[in-house]
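Colleague: Turn this into a structure:
(2 chains)
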2 protein chains.
Amino acid sequence: MARDFTTRKDDFPQWYNDIVIKADLAENSAVRGCMVIKPYGYAIWEKMQGALDKMFKDTGHQNAYFPLLIPKSFLSKEADHVEGFAKECAVVTHYRLKSDPKGGVMVDETAKLEEELIIRPTSETIIWNSYKKWINSYRDLPLLINQWANVVRWEMRTRLFLRTTEFLWQEGHTAHATREEAEEETERMLSVYADFAENFMAVPVLKGIKTANERFAGAEETYCIEALMQDGKSLQAGTSHFLGQNFAKAFDVKFTDKDGSLSHVWATSWGVSTRLIGALIMAHSDDDGLVLPPKLAPIQVVIIPIYKSDEELDAITIEAEKLKKDLEDRGVSVKYDNRDTQKPGWKFAEYEFKGVPVRVAIGPRDLENGTVEIARRDTKEKSTQQMEGVGAVIANLLDEIQKNLYDRALKFRDDNTVEVDTYDEFKEVISGKGGFVLAHWDGEAETELKIKTETKATIRLIPMTDRSGPGKCIYTGNPSEFKVVFAKSY
Amino acid sequence: MARDFTTRKDDFPQWYNDIVIKADLAENSAVRGCMVIKPYGYAIWEKMQGALDKMFKDTGHQNAYFPLLIPKSFLSKEADHVEGFAKECAVVTHYRLKSDPKGGVMVDETAKLEEELIIRPTSETIIWNSYKKWINSYRDLPLLINQWANVVRWEMRTRLFLRTTEFLWQEGHTAHATREEAEEETERMLSVYADFAENFMAVPVLKGIKTANERFAGAEETYCIEALMQDGKSLQAGTSHFLGQNFAKAFDVKFTDKDGSLSHVWATSWGVSTRLIGALIMAHSDDDGLVLPPKLAPIQVVIIPIYKSDEELDAITIEAEKLKKDLEDRGVSVKYDNRDTQKPGWKFAEYEFKGVPVRVAIGPRDLENGTVEIARRDTKEKSTQQMEGVGAVIANLLDEIQKNLYDRALKFRDDNTVEVDTYDEFKEVISGKGGFVLAHWDGEAETELKIKTETKATIRLIPMTDRSGPGKCIYTGNPSEFKVVFAKSY
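Modeller: Model (predicted):
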């Protein structure tokens, strides 16, 4: 097969873009920075949504839907929030077009809004404006709500899935009677994200706390999960924010407690987005295309017939349909591709590129011998198996592939995590193969920014557990309680 | 229980609004015309989405996602389309805010878009702009895509679910090699909608064709399903459009056929929205609140313990949890409400108002006798049943309720469908109890508009089957091939 796309080593960003485009996941649209998520890419998102939505509901959350448009004045109600989000908003100023005498349509200046509306970049403000009405008593708490929605943040430099002007996400917004409950919720949802990343995406993640520089605008504390990509850069895969009473105060949301006292409620918010699809690609895929973990693969098994005559195809189809049924009964999603418009070799390459975990080929020789040929996408290994009982073999193989992808990614991360004690070592690693670099830091925002300016590396997170002992900041030599995790990032 | 809401007879619109608000389905937001869909309302939408999405996939469609924002110039590419949709658009003109010296934030005039962007009122234009790249050969056809999305149409007079500035919907957009295939698809999706309305919503619908006046802007033919509400008005519950080659020509989408010839493709689009929740309410609910068909009820069965002591509650809980498990194993969604913050009477009223199809009450006497009390929401009938085997009884009862709601709505429609032969009769019915009125019409748009002006009734649809014999137009006396269906409408 002629290679018509880039390798990871040659040009990682180009390799990534080639996969997104050629595996039919997404493409750029006519609107700068906005992508079209194509059916195959959207099917991965649907799998992600399905798994996450169940995890949210299992932890007591309900879905709801709040307006796309937010009055401009709402954004300024929480002082930090406006700083973080007002700069990159799509602003609706008019509500009507009219015929342009020069042809086409033009804005009708008589239909100007009194107050401009912002397309939500995130929904804290519009949601807390509702919560004011919903929360009166301790009986109304906790309020545990999630929303699946699109958001818009105007971006100058965009990359498919990783950074787009419009993206799809979920945003959880909860309200609690006490600080402790809200903090627990923040950590609980971080754990849900870590669980999802590791058990569905097969991507190991570090959990931790962001520094003030990287904190969500309006949060008291931002927790995050970070995953290492194959180019040695870190990707923030999910965040969970402890918002303290900031939004409750901004929107005056109080509740009467059991003892009759009136207090502001405590809040969290947390979200993951279609960016996760970018993480999935960069964590597992190889120079032959996409590699998908079975739990998120829209097609888990593809069966391809190899035949010369219609009679051969008919005989193969009988066996293929039997196997398909057997696998579907086991909950496996199967495609039998008997299109006669493409040759087997073309199909092999196509499904390999699209990352289908298991390929089954059945030819006339297999029919004679009662066998099938099985190829796994992750290792490229092929084997001939007895047709009898092959359904169970494939089901097990899918579990094995899921596990192997995780183990491989974990080994990669371990191989690319180093501890350093000097700034020279630090710079050498960061400018070299990258990866996670544990180093002492004096806790000053200024030090962090200087390191960022000089090396492009940022503190990805402050570990919550397994902290090192004390030492000296690699940059200033000032005392440090424990090491933090640096990396270049997406 | 003290009645604190309106009856249907007193004030139907107020009754409707009371149900939406007091059953916690939705509420108005701070943005004029945009609603907040609350968890209970959203759970109904999720049930609808689940059923429809499966039906779309079973008929070969895939989901995808296209941008929220559409370049202004795209709207004018299809001549009829722009007339229909340019008037009521939210227009994005800027992409940044800045601090206002007077406090708060203001639009940054330096961040003005070169070309304004429109928030999608429907996505034909942005989608056909993509299809131009996706379709080259007959091998790429049919292209069968659906999108779940939010859309914005600026509305002056809004009503929760029925007419809101932003609403949620799905929009199918398909491309075909021949006119016949596209026409088949248009009718197929209309049938899917009718099937969903009748078998899930328990709402009987008429299927038919819209007149030119009521046709989708850009369609050659609009098919619709219409449902009769309890106030005698019709509600358009879904539309399926045969778009001919209009959008293919506007966006220059051609394909090479097997014989090497180049032709424009044929198109359809079809959609239903959160408006269906409004239809659901107005078709079934009564003066005691919401009535939900079991297939779309977020909670199908509620179990309420009646107790004085903790010991009684503990004993009841054992039986309740057993029944809950039994029902859940049958695929029934059950809530056991053992909150001690509310009394049984309050809970009875609450779940009745929220339309939970079956209520089970268990008290100490029931424990002694091995019984439970079952109440059905549709007829308000109560019965005492043996605890033993009651899971199967309730599962059957849910089916019976589903059927009863449909039968009741069908009887209502039959009782409120009349044929008339004169304009006097017509006016009497329309200004009286309303309903569907079958009458001869001469086929002229002008006649239709005159009747609308004089009576507020419009032609809801031209029947596709079961057409009457020929006659004379009730308004002009001119010849008519068959009767059409008139009604006042939402």
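
Colleague: Chain B contacts on the stretch 151-300 of chain A?
Modeller: A:152, A:154, A:166, A:168 (CB under 8 Å from any CB of the partner chain). Placement of C-beta: from N, CA and C, glycine included.

Colleague: which among those residues gets closest to chain B?
Modeller: residue A:154 (4.3 Å; CB to the nearest CB).

Colleague: Now residue A:211: phi and psi?
Modeller: Here is the backbone geometry of residue A:211 (degrees, to the nearest 10): phi -80, psi 170.

Colleague: ok, the closest residue to it other than its chain neighbours to chain B distance?
Modeller: Counting by CB to CB, 6 or more residues apart in numbering or on different chains, residue A:211 lies nearest to residue A:459, which is 5.0 Å off, once chain neighbours are set aside. From residue A:459 across to chain B, the span is 28 Å (CB to the nearest CB, to the nearest Å).

Colleague: Same check on residue A:238?
Modeller: In terms of CB to the nearest CB, residue A:238 sits 20 Å off from chain B.

Colleague: With residue A:205 instead?
Modeller: Taking CB to the nearest CB, one finds residue A:205 at 26 Å from chain B.

Colleague: one step back: and the residue nearest to residue A:211, that one's in a helix?
Modeller: No. According to DSSP: H, G, I helix; E, B strand; the rest coil, residue A:459 belongs to no helix; its state is strand.

Colleague: What pLDDT is listed against it?
Modeller: Residue A:459 is assigned 98 on the pLDDT scale.

Colleague: Residue A:466 now?
Modeller: For residue A:466, pLDDT reads 88.

Colleague: what about it, which helix or strand?
Modeller: Under the criterion DSSP states H and E, no helix or strand holds residue A:466.

Colleague: Would you map the helices across the stretch 151-300 of chain A?
Modeller: A:179-199, A:246-250, A:275-284 (DSSP state H, counting those that start in this stretch).

Colleague: Tell me which of those is the most buried.
Modeller: Highest mean neighbour count of the helices of the stretch 151-300 of chain A: helix A:275-284, a mean of 25 (counted as mean count of other CB atoms under 10 Å in any protein chain shown).

Colleague: Not counting that one itself, show me its contacts.
Modeller: The contact list for helix A:275-284, computed with CB atoms under 8 Å, 6 or more residues apart in numbering or on different chains, reads A:16, A:19-20, A:25-26, A:41, A:44-45, A:48, A:159-163, A:167, A:197, A:201-203, A:227-231, A:235, A:237-238, A:290-293, A:296, A:378, A:405, A:408-409, A:490.

Colleague: need the next SSE after it, C-terminal direction.
Modeller: As assigned by DSSP H and E, the chain's next helix or strand after helix A:275-284 is strand A:301-305.

Colleague: tell me the average confidence for that next one?
Modeller: Averaged across strand A:301-305, the pLDDT comes to 98.

Colleague: contacts for it?
Modeller: Applying CB under 8 Å, 6+ apart, the contact partners of strand A:301-305 are A:313, A:316-317, A:320, A:323-324, A:327, A:332-338, A:344, A:347-348, A:351, A:356-363, A:394, A:398.

Colleague: so the helix or strand following that strand versus strand A:301-305, what angle?
Modeller: Following strand A:301-305 in sequence order, the next helix or strand is helix A:310-329 (DSSP H and E). Inter-element angle recorded for helix A:310-329 and strand A:301-305: 170 degrees (by axes from the mean of the first three to the mean of the last three CA atoms, to 10 degrees).

Colleague: Can you give me the buried ones in helix A:310-329?
Modeller: For helix A:310-329, the neighbour count (16 or more other CB atoms under 10 Å in any protein chain shown) marks A:312, A:313, A:315, A:316, A:317, A:319, A:320, A:323, A:324, A:326, A:327 as buried.

Colleague: Show me which of these is closest to chain B.
Modeller: Among the buried residues of helix A:310-329, and counting by CB to the nearest CB, the member closest to chain B is residue A:324, at 16.4 Å.

Colleague: Bridged to the closest residue in space to the closest one that isn't next to it in sequence, which residues?
Modeller: Excluding the flanking residues, the one nearest residue A:324 by CB to CB, 6+ apart is residue A:334, at 4.7 Å. When bridges are called by DSSP bridges, residue A:334 pairs up with residue A:301.

Colleague: what residues are up against residue A:334?
Modeller: Taking CB under 8 Å, 6+ apart as the test, what residue A:334 contacts is A:299, A:300, A:301, A:302, A:303, A:323, A:324, A:327, A:328.

Colleague: Could you find which two of these are furthest from each other?
Modeller: For the contacts of residue A:334, the maximum inter-member distance is 14.4 Å, found between A:299 and A:323 (CB to CB).
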